[in-house]
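*Asks:* Test case, fold it:
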Amino acid sequence: MMHEAYSVCVCVCLCVHARVCAQVSCEIAMPPALQREEAQKSWVLCLDDKFPSAQRLNTKHCRVYSLRLGGEDLWLEKALATAGCEVHCFDPSIGAAHLQDSGVWLHRLSIDWREPNPAISAQRQRSSTKKLAAILNDFGHRQVDVLKVDMESAEWKILENLVLEGVLHSVGLLLLEVHLHWAGFEVGGDEPNVVRYWFSLLRELERAHFSLYHSYSVPAKPRLFLQRNLHNTSSTYILGWVNTRYAPQ
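*Replies:* Numbering: from 1, shown residues only. Predicted structure coming up:
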């Protein structure tokens with residue numbers, strides 16, 4: 001019944017576009033470095049000390065991963081770096097393999113849900129492609145206090161990979177932008193199958209002890225559901241989950 005209730009809640013929140021659908025209440029007041037309009041509306045952090053990830057952020061013993069494909073600026077990542085967090089941004093559009101800007105480590109890496117294609121040599125690839133579990137291993141990082149995912153419709157397959165490879169327990173806060181105007185990369189089937197697939201991943205988040213504390217959509221943008229055939233339209237939501245059993249080490 002709990003899983004069914006969660007599915008109904010998310011369905012109402014995303015598909016019927018209700019504004020309030022949080023499972024847990026969370027103090028989301030931002031520290032001074034994060035005081036700007038976007039922080040109050042879109043990419044919102046849970047800073048309630050009852051959650052271990054928030055304790056890490058508040059004491060500046062925090063690690064942040066940002067997965068992205070170009071697009072918006074790095075205001076949140078830079079603010080978190082200024083606040084004392086170790087911040088890594090993975091983006092295939094970055095000009096150099098590794099560089100640092102305003103305290104943020106930038107890596108020309110593309111986060112994928114598939115194994116690298118052996119038919120494509122490293123010399124022919126401008127950026128490396130790796131799964132998140134492989135990057136954590138390469139960097140020697142066992143945990144990530146904040147994982148921000150803005151992957152332009154690849155988020156569902158990446159989330160599936162995090163489930164399959166057992167990475168979720170290593171994440172404290174998950175900030176995820178989801179796109180609802182089409183199924184997403186490599187997600188097939190008719191509308192009922194797509195919805196079942198989406199909800200199966202959301203249920204896996206709940207099984208991993210993640211609770212939804214935040215949802216946001218831009219009021220000026222259209223709110224469409226599986227309508228990719230419409231020209232130049234998109235429907236996006238930013239969702240925030242907190243791992244209630246996160247155990248930093």
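
*Asks:* And the closest residue to residue 43 other than its chain neighbours, how close does it get to residue 87?
*Replies:* In this structure, residue 43 finds its nearest non-sequential neighbour in residue 76, 5.0 Å apart by CB to CB, 6 or more residues apart in numbering. Where C-beta positions appear, they are placed from N, C-alpha and C, glycine not excepted. To residue 87, residue 76 is 9 Å away according to CB to CB, to the nearest Å.

*Asks:* any common contacting residues for those two?
*Replies:* residue 66 (CB atoms under 8 Å, 6 or more residues apart in numbering).

*Asks:* between the two, which one's more packed in?
*Replies:* residue 87 (27 against 24; other CB atoms under 10 Å).

*Asks:* Now do the same for the residue nearest to residue 43: helix, strand or coil?
*Replies:* In the three-state summary, residue 76 is assigned as helix, counting by DSSP: H, G, I helix; E, B strand; the rest coil.

*Asks:* show me the contacts for residue 105.
*Replies:* Contacts were defined as CB under 8 Å, 6+ apart; by that measure residue 105 touches 86, 87, 88, 89, 98, 99.

*Asks:* where's it, which helix or strand?
*Replies:* strand 104-107 (DSSP states H and E).

*Asks:* Show the subsequent helix or strand relative to that strand.
*Replies:* Heading C-terminal from strand 104-107 (DSSP H and E), you reach strand 109-111.

*Asks:* counting contacts, what elements does that next one pack onto?
*Replies:* With contacts taken as 3 or more CB pairs under 8 Å, 6 or more residues apart in numbering; DSSP states H and E, strand 109-111 sits against strand 86-90, strand 128-130, helix 132-139.

*Asks:* OK, contacts around residue 103?
*Replies:* Going by CB under 8 Å, 6+ apart, residue 103 touches 78, 81, 82, 87.

*Asks:* For residue 155, see how far away the closest residue to residue 94 other than its chain neighbours is.
*Replies:* Once flanking residues are discounted, residue 94 sits nearest to residue 108: 4.3 Å by CB to CB, 6+ apart. Going from residue 108 to residue 155 by CB to CB gives 20 Å.

*Asks:* Counting by contacts, list what the longest helix anywhere in the chain packs against.
*Replies:* What stands out as the longest helix in the chain, according to DSSP state H, is helix 191-207. On a contact count with 3+ CB pairs under 8 Å, 6+ apart, helix 191-207 meets helix 2-15, helix 155-164.
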